[in-house]
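Participant: Kindly generate the corresponding structure for this input.
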Amino acid sequence: MSPFLRLCALLLVPPVLSVAQTPSASVSLPPLAHAKLSSCDGLPCVDAVLGGKHVRLAIDIGDPSPVLSLKAALALGLTLQPVPGADGKPVAGYQKAVVNNVAVGDVKFDELKFLVIDLSSAINKKTFPDVDGTLGYKTFENRILQLDYPAGVFGLSQPLTAPTGCSGFCGDISLITFGHHGPPIVTTTGFTVNGKPIAVQVDTMFTGTLLIYPTSVEKLGLTTEAQSKTSKYIAFTDGGVDMFKSQAKQIGFGSKTVATGAALYFAGPKVHLPDGLFDGTVGADVLEPYKVTFNFHDNKFWLD
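Facilitator: Got it, this is the predicted structure:
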């Protein structure tokens, strides 16, 4: 779903992280360090300090690896190295760089390893948000990540070594490949559409509500909705694609109704498909009214 899904599997190296100790609002959670959660073209992002310079990074749970724009990497004077492909030859257009001592508010990363890509054309075409890069889900491995959209707060724990509780009802996170040959991506149980349970990718860079893939249409009783000829252009998914738009009676999470009469999307011809390995993708329009928590140590997900 996200712009670099097929290529970010090339570099899946977890960062080393230290965080400042500040109390969490939830007694069931360990202490979280905090930063301001902003909106960049309608998507969650944070300000970071790399090499003494400020950059803006989107939070991209739809992709594994952190990404940095070539422009930002050159401005930072980073040493760039080629990314080897399966044949050992460098992958054209992709490099990698190590950045030490990264600060995101109170969050301190000792080291982050970025894919470096020239994002200028995609930003100019508005098929990628106007940011300097992204933080993929591997950045938060074995941590609790909390995106409090209404309060505008980004929270992150230290690496966890013991199980922690979750707040009320929780979905189960799995890393399922996006298609038989794609990289692992974050999926969760717990969501429903019109009362029927679904397993979905959680993609913070998808600006829509809920996308249902073709292999799940019939079993979810959405055949009529999927025949919609109304289309909507989604700029930041798969480099910009058209999706067919209908309406869901209800989108839920556990016993909670998170949306009624909400837009429901179906794949257009250019949307990448996950080969029936899960039912759909949940995006920002569902997430942004909530405090969203990913427990990447215990593989739990919930909404408050």
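Participant: how about the CA coordinates for the strand or helix carrying His34, as CSV?
Facilitator: Take DSSP states H and E as the rule and His34 turns out to sit in strand 33-36. As requested, the backbone C-alpha atoms of strand 33-36 are provided in CSV (Å, rounded to 0.1, in the frame of the first residue of the first chain):
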residue,chain,number,x,y,z
ALA,A,33,8.9,9.4,25.9
HIS,A,34,6.9,12.0,24.0
ALA,A,35,7.1,14.3,21.0
LYS,A,36,4.7,16.5,19.2
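Participant: which element follows it toward the C-terminus?
Facilitator: strand 38-40.
Participant: Could you list the buried residues of that next one?
Facilitator: For strand 38-40, a neighbour-count test (16 or more other CB atoms under 10 Å) marks Ser38, Cys40 as buried. No exception for glycine: its C-beta is placed from N, CA and C like everyone else's.
Participant: Stretch 75-92 now?
Facilitator: Leu76, Leu78, Val83, Val91.
Participant: and what of stretch 244-256?
Facilitator: Those buried within stretch 244-256 under the rule 16+ other CB under 10 Å are Phe244, Lys245, Ser246, Ala248, Ile251, Gly252, Phe253, Gly254.
Participant: Need the three-state assignment for the fifth one.
Facilitator: On the three-state scheme (DSSP: H, G, I helix; E, B strand; the rest coil), Ile251 is labelled strand.
Participant: Skipping adjacent residues, who's closest to it in space?
Facilitator: Ala259 (4.3 Å; CB to CB, 6 or more residues apart in numbering).
Participant: Do I have it right that the one you found meets Ala248?
Facilitator: Yes: between Ala259 and Ala248 a contact is recorded at 7.2 Å, counting by CB atoms under 8 Å.
Participant: and which of the buried residues of stretch 75-92 is nearest to Thr188?
Facilitator: The closest of these to Thr188 turns out to be Val83 (CB to CB; 29.4 Å).
Participant: Now that closest one: which helix or strand?
Facilitator: Going by DSSP H and E, Val83 is part of strand 81-84.
Participant: and that strand, what does it pack onto?
Facilitator: strand 90-104 (3 or more CB pairs under 8 Å, 6 or more residues apart in numbering; DSSP states H and E).
Participant: what's the strand it packs on packed up against?
Facilitator: By 3+ CB pairs under 8 Å, 6+ apart, strand 90-104 packs against strand 43-50, helix 70-75, strand 81-84, strand 107-117.
Participant: follow-up on the earlier one: any common contacting residues for Ala259 and Ala248?
Facilitator: Taking CB atoms under 8 Å, 6 or more residues apart in numbering as the criterion, Ala259 and Ala248 both touch Thr209.
Participant: What does Pro269 show for phi and psi?
Facilitator: Backbone torsions of Pro269, given as degrees, to the nearest 10, read phi -60, psi -20.
Participant: picking that back up, run me through the strand neighbours of the strand holding His34, direction for each.
Facilitator: Strands that pair with strand 33-36, judged by DSSP bridges, come out as strand 153-156 (antiparallel).
Participant: Quick one: distance of the partner strand to the chain centre.
Facilitator: Offset of strand 153-156 from its chain centre (CA atoms, centre = their mean, to the nearest Å): 14 Å.
Participant: again with stretch 244-261
Facilitator: Worked out by CA atoms, centre = their mean, stretch 244-261 lies 20 Å from the chain centre.
Participant: Tally up the residues packed near the nearest residue in space to Gln146 that is not next to it in sequence, please.
Facilitator: Distances taken as CB to CB, 6+ apart put Gly155 closest to Gln146, at 3.7 Å, once the chain neighbours are dropped. By the criterion of other CB atoms under 10 Å, Gly155 has 28 neighbours.
Participant: Enumerate the positions of the host helix or strand of Pro197 that are buried.
Facilitator: Assessed by DSSP H and E, Pro197 sits inside strand 196-202. For strand 196-202, burial by neighbour count (16+ other CB under 10 Å) applies to Ile198, Ala199, Val200, Gln201, Val202.
Participant: what's the following helix or strand after it?
Facilitator: According to DSSP H and E, the helix or strand after strand 196-202 is strand 210-212.
Participant: Enumerate the positions of the helix or strand just after that following strand that are buried.
Facilitator: The C-terminal neighbour of strand 210-212 among helices and strands, as given by DSSP H and E, is helix 214-217. Buried positions in helix 214-217, judged by neighbour count with 16+ other CB under 10 Å: Ser216, Val217.
Participant: Other residues contacting helix 214-217?
Facilitator: Ile198, Leu222, Thr223, Ala226, Phe266, Ala267, Leu273, Asp275, Gly276, Asp279, Gly280.
Participant: just to revisit the earlier point, pull out the buried positions in the strand holding His34.
Facilitator: So, applying 16+ other CB under 10 Å, buried residues of strand 33-36: Ala33, His34, Ala35.
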